[in-house]
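>>> Fold the following.
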Amino acid sequence: MRIVLNGQQAFGQAVLEALIDRGNDVVAVYCEPDDNPSRPDPLHQSAQDRGIQVLQPKNFKGEQVLSEFKSLKPDLGVMAYVTRIVPASFLNAPVHGTIQYHPSLLPAHRGPSSMNWPIIQGEEETGLTIFWPDEGLDTGPILLQKKVVIEADDTLGSLYFNKLYPLGVEALLESIDLVKKGKAPRILQDESEASYESWCNDDAAMIDWTQSTMNIYNLIRGCNPQPGAWTGHQGGIVRFYDVKIAAMDGEPGSIIANTSDGVVVATVDGAIEVMRLRENDGPKIRAIDSTLGVGASFSRG
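Below is the predicted model of the structure:
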């Protein structure tokens, strides 16, 4: 099949290289426009190095973009980490349509931060979906799904890089094979089970010290490494990254102990030990190397 890959960054690059390495015919790559020419997108660079045509439209609207896509005579479109809206005319142009990777078990956690929210909400399982995108937001029929366990110490980073990233590459390859064999299902999503969350941004990442230890712990894990759960301190902010639950108590939002690994902050029903943090616009550092010590207190925001 003539495959056109649409994606970006390391995940898109990994999918491209996996396709090429096993002999798939990738006729072109779509990726984001270059915002910083000195730091090219890894997918762009990989495609360029392999002599594959790279297309970077500002959006996917208009007859010219669609006509250019159709001229590639694609059999299948593969979307690997695409954050922009792609119209149905573009999705339906390939002979076999388009498939897309989404890092949640659809219809749960539709939206752009679908890996953060299962951790933040304290779930013990998530996964990925390869689906047939339509004009809705993550609403198309399901081709296949893979489940993964969210361990008690998983962060957004470990969940993605250790589990959903490599499994996602494998799942896309498996899906392409099913399409090629004419055995790829189209299972309608159950709308009664659907959920949607928007971006996990600073508004969502603010620590509320009136919340339980577990809720705060899950928020910090789900925002590590981005955007970084944060709390106010002396007119600035401190972002927390590597943390664990501690068996201590004290005034919620105050540092009650120093340890060999970091600082301990009390919650309403326990405490959180912070090993790595970032003060204001500074670098991420070990908490024991920070200016924070016993007696320091944090505001809700």
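
>>> State which helix of the chain is the longest.
If you go by DSSP state H, the chain has its longest helix at helix 165-181.

>>> Confirm E17 sits in a helix?
Yes - with DSSP: H, G, I helix; E, B strand; the rest coil as the criterion, E17 is located in a helix.

>>> Next, count neighbours for the residue nearest to it when sequence neighbours are not counted.
Spatial nearest neighbour of E17, chain neighbours left out: S46 (6.2 Å); criterion: CB to CB, 6 or more residues apart in numbering. Glycine gets a C-beta too; all of them are placed from N, C-alpha and C. Neighbour count for S46, taken as other CB atoms under 10 Å: 21.

>>> would you say S46 is within a helix?
Yes - the assignment for S46 is a helix, going by three-state DSSP.

>>> coming back round to it: helices or strands next to the longest helix of the chain in the packing?
Applying 3 or more CB pairs under 8 Å, 6 or more residues apart in numbering; DSSP states H and E, one finds that helix 165-181 contacts helix 9-21, strand 76-80, strand 98-102, strand 125-131, strand 142-149.

>>> So which elements touch the helix or strand following that helix?
Reading on from helix 165-181 to the C-terminus, the next helix or strand found by DSSP states H and E is helix 213-222. Packed against helix 213-222 by the contact rule (3+ CB pairs under 8 Å, 6+ apart) you find helix 116-120, strand 229-233, strand 243-246, strand 270-274.

>>> 7 Å - rerun?
In terms of contacts (3 or more CB pairs under 7 Å, 6 or more residues apart in numbering; DSSP states H and E), helix 213-222 is packed against helix 116-120, strand 243-246, strand 270-274.

>>> now A88: how far from N162?
35 Å (CB to CB, to the nearest Å).

>>> State the distance from K70 to R2.
Per CB to CB, K70 is found 12 Å from R2.

>>> returning to that earlier point: ok, and for the longest helix of the chain, which residues are buried?
The neighbour-count check on helix 165-181 (16 or more other CB atoms under 10 Å) flags 165, 167-169, 171-173, 175-176, 178-179 as buried.

>>> could those go into CSV alongside pLDDT and distance to N6?
Output for the buried residues of helix 165-181, formatted as CSV (pLDDT from 0 to 100; distance: CB to CB, whole Å):
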residue, pLDDT, distance to N6
Y165, 98, 18
L167, 98, 20
G168, 98, 15
V169, 98, 15
A171, 98, 16
L172, 98, 12
L173, 98, 16
S175, 98, 15
I176, 98, 14
L178, 98, 19
V179, 98, 16
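
>>> Now L277: which helix or strand?
With DSSP H and E as criterion, L277 is part of strand 276-279.

>>> pLDDT of that strand, averaged?
Mean pLDDT, computed over strand 276-279, is 98.
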